[in-house]
Structures are given as C-alpha cells and as structure tokens.
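>>> A structural model of the following input is requested.
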Amino acid sequence: MKVAWRSEEIDESHDAFRRDLGKFVAAATAGKALSPQVQAGWANFKTQLRIHHSVEDAWLWPRLLIQSVLTPGDWKGFRSAMTRAQGIKGAAVFVPWLVDGLSAADQQRSTANMPPPVLLLNRLFWSSRYRERNLWSF
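Coordinates of the predicted model:
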C-alpha cells in the first residue's frame with residue numbers, strides 16, 4: 001500500500017526545521033551554542049516543533065491509520081488545526097520563521113495558501129519583529 005502524506009505545508013515546515021538545525025550545528029561548532037540569540041533560536045525551534053508534532057499526531061496520523069491517501073480536505077483540516085494551535089500570537093512568529101532566509105519567489109510560494117490578512121500582518125509587523133530578534137546570531 002502506498003501512503004501519500006506529503007504536502008507543501010509539511011515540506012516547507014520540515015525545510016525550516018532543517019534550516020534551524022543547520023544554524024544550531026554551526027553555532028555549536030563555533031562554540032557559541034549558549035549565546036543568547038542561539039538559545040532564543042533554539043527555544044523557537046522547540047516551540048515550532050512541539051506545535052507541529054502535536055497537530056500531526058492529532059490530525060494527520062489518525063487519518064493515515066484508516067486511509068492510505070490524505071485528501072485535499074484532510075490537508076485543509078491540517079492547516080485549520082495548525083491555525084488553531086498557533087493562534088494569532090503564534091502565527092506572528094510562525095509565518096516569518098517559515099520564510100526566514102527564502103528568496104522572494106520562494107516566500108511567495110510558501111505563503112500562497114495563507115489568507116491575505118495574514119500576509120499583510122506579516123509584511124507590516126511580524127516580519128520586522130522577527131528579524132529584530134536576530135535569532136541564531138553569534
């Protein structure tokens with residue numbers, strides 16, 4: 001039985017997790033893993049991972065126990081569950097975190113399914129606040 005579980009939302013989140021792990025390895029290799037911005041980056045990584053896995057465990061995996069392919073409706077439900085889990089405060093960190101370091105074209109692709117008000121909030125407020133935190137710098 002072939003199981004189809006991938007979606008752009010999952011891939012983009014996993015790319016962001018891999019990106020942050022690379023930043024942590026670089027900081028640790030430089031002996032800077034305990035610097036404040038690296039610790040703040042690690043705290044954000046843990047928060048994003050905890051939310052991501054909680055929603056996967058509650059939403060996606062139970063569906064894959066009863067069906068072999070996730071439908072577009074399942075992915076819509078996953079996005080809704082992530083939205084509820086993040087809330088507006090979490091979204092203010094999640095959205096700029098997700099697109100951190102991406103080219104403009106990749107950012108646009110990554111946010112294509114997000115509602116216009118979220119994109120506006122990110123452009124006007126969230127992105128600059130996220131950058132000011134200077135996560136992972138050492």
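
>>> so where is this protein shaky, pLDDT-wise?
Across the chain, the ranges flagged by pLDDT under 70 are 1-9.

>>> Which strands and helices lie in contact with the lengthiest helix in it?
For the chain, the helix that runs over the most residues, judged by DSSP state H, is helix 72-99. When contacts are defined as 3 or more C-beta pairs under 8 Å, 6 or more residues apart in numbering; DSSP states H and E, helix 72-99 packs onto helix 8-29, helix 36-55, helix 104-110, helix 116-121, helix 127-133. For glycine as for every other residue, the C-beta is placed from the backbone atoms N, C-alpha and C.

>>> Can you lay out the ones you listed as CSV showing distance to residue 70?
Formatted as CSV, the helices and strands packed on helix 72-99 follow (distance: least, C-beta to C-beta, whole Å):
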stretch, distance to residue 70
helix 8-29, 10
helix 36-55, 13
helix 104-110, 19
helix 116-121, 23
helix 127-133, 30
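
>>> Please convert these to CSV, extending it with mean neighbour count and distance to residue 89.
Output for these, formatted as CSV (neighbours: other C-beta atoms under 10 Å; distance: least, C-beta to C-beta, whole Å):
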stretch, mean neighbour count, distance to residue 89
helix 8-29, 15, 18
helix 36-55, 16, 11
helix 104-110, 13, 20
helix 116-121, 13, 12
helix 127-133, 13, 12
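
>>> and stretch 100-119, how far from the chain's centre?
Relative to its chain's centre, stretch 100-119 lies at 12 Å (C-alpha atoms, centre = their mean, to the nearest Å).

>>> same question, stretch 35-44
The chain centre lies 16 Å from the centre of stretch 35-44; the measure is C-alpha atoms, centre = their mean.
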